[in-house]
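Participant: Give me the fold of what follows.
(chains A, B, C and D)
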Protein chains: 2
Amino acid sequence: MTHKENGVADIRDVAQRAGCSIATVSRALNSPQLVRPETLARVQAAAAALKFRPNALGRQLRGERTGLIGVMLPTLGNPVFADCLEGIEAAIDGTGRRLLLVTTQYDPERERNAIETLLQQRVDGLLLTLADAEHSVLLDDLAAEGVACQLVYNDAPERPCVSVDNRAAAAQGVAMLIEAGHRDIVMVTGALHASDRAKRRYLGYGDAMRAAGLTPLPAFEIDFNSGARGERVREWLAQRERDGARPTALFCSNDLLALGVMRALREAGLRVPDDMSVLGFDGLAVGELLSPTLATVVQPSVEIGRHAAQRLLAQIDARGGATPSHDASLGHALMLPHEIRRGGTVSAPPRRQD
Amino acid sequence: MTHKENGVADIRDVAQRAGCSIATVSRALNSPQLVRPETLARVQAAAAALKFRPNALGRQLRGERTGLIGVMLPTLGNPVFADCLEGIEAAIDGTGRRLLLVTTQYDPERERNAIETLLQQRVDGLLLTLADAEHSVLLDDLAAEGVACQLVYNDAPERPCVSVDNRAAAAQGVAMLIEAGHRDIVMVTGALHASDRAKRRYLGYGDAMRAAGLTPLPAFEIDFNSGARGERVREWLAQRERDGARPTALFCSNDLLALGVMRALREAGLRVPDDMSVLGFDGLAVGELLSPTLATVVQPSVEIGRHAAQRLLAQIDARGGATPSHDASLGHALMLPHEIRRGGTVSAPPRRQD
DNA sequence: CTGAAAGCGCTAACAT
DNA sequence: ATGTTAGCGCTTTCAG
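Facilitator: Next comes the predicted model:
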């Protein structure tokens, strides 16, 4: 058999059919202006006839770039990350690049593997949300290797990242609670050690409390993955009740958590906001559709994704340019503005029964 | 310069450092048992010392499979698709495969391009949600080319797909509305021509209406992308009001739309469900967190994604196997069970004022 | 404007 | 158990 059995047409097949060399085919495809119109036409005809589909792997192996962008996110179950991904998509749209996506479920080991895998595929750059970017040697390694990379959501001041100032944002949110008259405010969060963002938000909570002369309370940490979240919340509430220390407001480290907490409150017979005010963080779109609408600290998720991708692209392109990359700004943090969304879940605290 | 300037270590570099041939290195990496322990150790040491990162492109170009799965979804803005993607991720987890993700915004042209792009990257298979799978020549082409492919959400009976029976599911949902006492039920949807699912759901709506001896009403189509959706809804309501033909229940073609509609209703001063019942479709998790909770037709989104991915993997593996693929079931539709979620947004219609 | 030829990094026969 | 060698499909000098 003189021909390949493989059904897929080769650049050689096209060349043969067009009566030219493979080099000419390649040129016709990539730099049409370098080819005589007549030849070009023949090549195109041949390619069409053979349903030629250029093999990106060949090109990528040969070439300098792959056009692939690696994206690593904790989960898509939280719309915050899906939104961000939409922003990323929007930013690379039209650039001819594609996304290689991995989720890690906040698992540091998976993070390691995922990054390695992406690098083996020779992605041109990385867009990452790490569980904890602060204590990550990974990042130093990446930087040392000269991998183009932007963090997303992680606000690590000294690293290339796009985020909001979680600490300041949280403080501002909690200040709003205080302003509404609350003094007994507790922060509810997933495992603190597992998320640098949650930690910074807790710091912000502390800032706001102290600024108002109040004593920060320990955070109420509940397992994010536990099925019985509602129950845990109710238990905790009952406990606080017995201690006579039920807070009047809860600051939830993210909106998804806030929704779960609100449900638990409802099931426990507590009304929001009459019996308990609730403040979230993220600014999920669904929050506005609820009634009462969810008060929250809004971060511009889509924009975060978009900016991160844009910065990454700039970073990547900088390597190609003669100028050896000096827009140093790409190497540092970009903090996007946050915003407080007042919502129906926050009201003045119930009157004390003293 | 006898050495490459490129900082990245080659398989040849490793071979040299380990004092063996590149073939041995390759074996050490892919089939350690074929290599003497001692040599293996040397190779591993060399690889580690050089921070050798195997280039997947080389392997993929050479080999039969790339380990890449192409995923094409309309958007990630609707959690239904994000959920599905989670299921896909879960299914491929541990198989060493990676996801190449593209979103199309329901744009048929983008669908074309995206698929072509994915194919150029030589993905092993495709997971697709098309805007309209019924009138798609794309799919016939793919089938003809022998591309492994599963549709997701599109319920095209004759095609390889994983979905729910949208028509039957919608009918069942609407029947529930009728059972609650509603007779004036209108379906609200995005552009009908743009989505085969919406079309089938509308058929189901018609089935249920006729089965109860009621006359199906024209669907109320509102532009999904319009910013002024709320306003459109209010206008429409006002119009119906004047005509004395305000429905008592709305069947929304998806949950996201239902949430938007409910907001518009609220802004128009209508209470749900007292003045108007609302039924959604999808079963988004947030629906259960609302109050009142959203009544909806639940499709198992994560499971849909998971099954689709599993079937695709089976399909891909079938090509490798000696048996030339005969689990014909993979070639046809898999309909997963749906479920009616009763919720607070549906009640008996208000008493007629006659 | 076009062609010949040298690889990109890797795997898989085929020989030792 | 290990080495040699021939490509996978493509781009890109370097020569015409």
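Participant: quick one, strands of the stretch 51-200 of chain A?
Facilitator: Using DSSP state E, counting those that start in this stretch, the strands found in the stretch 51-200 of chain A span residues A:68-73, A:98-103, A:125-128, A:149-152, A:161-163, A:185-189.
Participant: Can you tell me which of those strands is most buried?
Facilitator: With neighbours defined by mean count of other CB atoms under 10 Å in any protein chain shown, none of the strands of the stretch 51-200 of chain A is more surrounded on average than strand A:161-163, at a mean of 27. All C-beta spots, glycine's among them, are computed from the backbone N, C-alpha and C.
Participant: Direction included, what does that strand pair up with?
Facilitator: Sheet partners assigned to strand A:161-163 using DSSP bridges are listed as strand A:149-152 (parallel), strand A:333-335 (parallel).
Participant: ok, then the element right after the last one?
Facilitator: By that I understand strand A:333-335. Heading C-terminal from strand A:333-335, the first helix or strand you meet, by DSSP states H and E, is strand A:339-341.
Participant: right, is that following strand up against chain B?
Facilitator: No: judged by CB under 8 Å from any CB of the partner chain, strand A:339-341 and chain B are separated, with a smallest distance of 14.8 Å.
Participant: Which positions in that strand come out as buried?
Facilitator: Neighbour counts over strand A:339-341 (16 or more other CB atoms under 10 Å in any protein chain shown) mark A:340-341 as buried.
Participant: if I look at A:Thr293, how far off is A:Gly230?
Facilitator: From A:Thr293 over to A:Gly230 the distance is 21 Å, taken as CB to CB, to the nearest Å.
Participant: picking up where we left off before, export the strands of the stretch 51-200 of chain A to TSV and append columns for distance to DNA strand C and mean pLDDT.
Facilitator: Formatted as TSV, the strands of the stretch 51-200 of chain A follow (distance: least, CB to the nearest atom of the strand, whole Å; pLDDT from 0 to 100):
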stretch	distance to DNA strand C	mean pLDDT
strand A:68-73	15	98
strand A:98-103	18	98
strand A:125-128	18	98
strand A:149-152	20	97
strand A:161-163	30	97
strand A:185-189	43	97
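Participant: In contact with A:Arg143, which residues are there?
Facilitator: One correction, residue A:143 is Ala, not Arg. Taking CB atoms under 8 Å, 6 or more residues apart in numbering or on different chains, we find A:Ala143 in contact with A:Cys149.
Participant: Kindly present the strands paired with strand A:161-163 as TSV, with separate columns for distance to B:Phe220.
Facilitator: Shown next, in TSV, are these (distance: least, CB to CB, whole Å):
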stretch	distance to B:Phe220
strand A:149-152	39
strand A:333-335	43
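Participant: And those: which comes nearest A:Arg200?
Facilitator: With CB to CB as the criterion, A:Arg200 lies closest to strand A:333-335 of those, at 11.8 Å.
Participant: Any idea how far that closest one is from the middle of the chain?
Facilitator: Distance of strand A:333-335 from the chain centroid (CA atoms, centre = their mean, to the nearest Å) equals 14 Å.
Participant: contacting residues around it?
Facilitator: In contact with strand A:333-335 (CB under 8 Å, 6+ apart) are residues A:155-165, A:307, A:311.
Participant: Generate JSON lines for the strands of the stretch 51-200 of chain A, with distance to A:Gly87 as supplementary columns.
Facilitator: Listed next are those as JSON lines, based on distance: least, CB to CB, whole Å:
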{"stretch": "strand A:68-73", "distance to A:Gly87": "11"}
{"stretch": "strand A:98-103", "distance to A:Gly87": "12"}
{"stretch": "strand A:125-128", "distance to A:Gly87": "10"}
{"stretch": "strand A:149-152", "distance to A:Gly87": "9"}
{"stretch": "strand A:161-163", "distance to A:Gly87": "10"}
{"stretch": "strand A:185-189", "distance to A:Gly87": "25"}
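Participant: Mind putting those strands into JSON lines with distance to DNA strand D?
Facilitator: Listed next are the strands of the stretch 51-200 of chain A as JSON lines, based on distance: least, CB to the nearest atom of the strand, whole Å:
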{"stretch": "strand A:68-73", "distance to DNA strand D": "15"}
{"stretch": "strand A:98-103", "distance to DNA strand D": "16"}
{"stretch": "strand A:125-128", "distance to DNA strand D": "19"}
{"stretch": "strand A:149-152", "distance to DNA strand D": "24"}
{"stretch": "strand A:161-163", "distance to DNA strand D": "31"}
{"stretch": "strand A:185-189", "distance to DNA strand D": "50"}
